[in-house]
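Participant: sequence first, then the predicted structure, then my questions.
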Amino acid sequence: MKSVKDQRWLFAKDIEGEEAGEGVVRFVKSYTDEVMVVENHFKKGAVGALHSHPHTQITYVISGSFEFTIGDETKVVNSGDTLLKKDGIVHGCVCLEEGVLLDIFSPMREDFV
């Protein structure tokens with residue numbers, strides 16, 4: 001099942017993931033026009049290619065280890081860390097240790113639904 005905008009209850013067991021690149025599975029969680037939550041599961045070595053978009057994005061590292069580039073800075077982040085990516089800034093990552101990222105977008109990503 002795909003999530004539906006403004007859905008009050010959404011259970012993880014009911015969500016189908018979709019491939020978002022080699023070694024990356026995306027699960028679109030709850031969303032409204034103003035905000036969206038997305039869970040991304042990365043295999044070790046998977047790449048989130050450098051890109052930008054017109055959305056502010058906060059990423060919370062649920063598990064694993066990632067080398068992230070935001071603008072002209074590159075840092076290694078681990079479980080419990082957060083990253084802020086303002087709209088229009090180039091960013092991407094390489095998964096160093098299998099893990100899960102939780103992304104919060106404002107406004108929602110129409111290209112994900």
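Facilitator: Everything's here; your move.
Participant: in this structure, which spans are strands?
Facilitator: Taking DSSP state E as the test, the strands found in the chain are 18-19, 24-31, 36-42, 47-51, 56-70, 73-78, 82-85, 91-106.
Participant: pick the most deeply packed of the ones you listed.
Facilitator: Neighbour counts (mean count of other C-beta atoms under 10 Å) averaged over each of these peak at strand 36-42, with a mean of 21. From N, CA and C alone the C-beta is placed, and that goes for glycine too.
Participant: contacts for it, please.
Facilitator: Strand 36-42 is contacted by residues 17, 20, 23-31, 48, 62, 64, 66, 95, 98-109, 112 when judged by C-beta atoms under 8 Å, 6 or more residues apart in numbering.
Participant: now the angle between strand 91-106 and it, please.
Facilitator: Taking axes from the mean of the first three to the mean of the last three C-alpha atoms, to 10 degrees, one finds strand 36-42 and strand 91-106 inclined to each other by 150 degrees.
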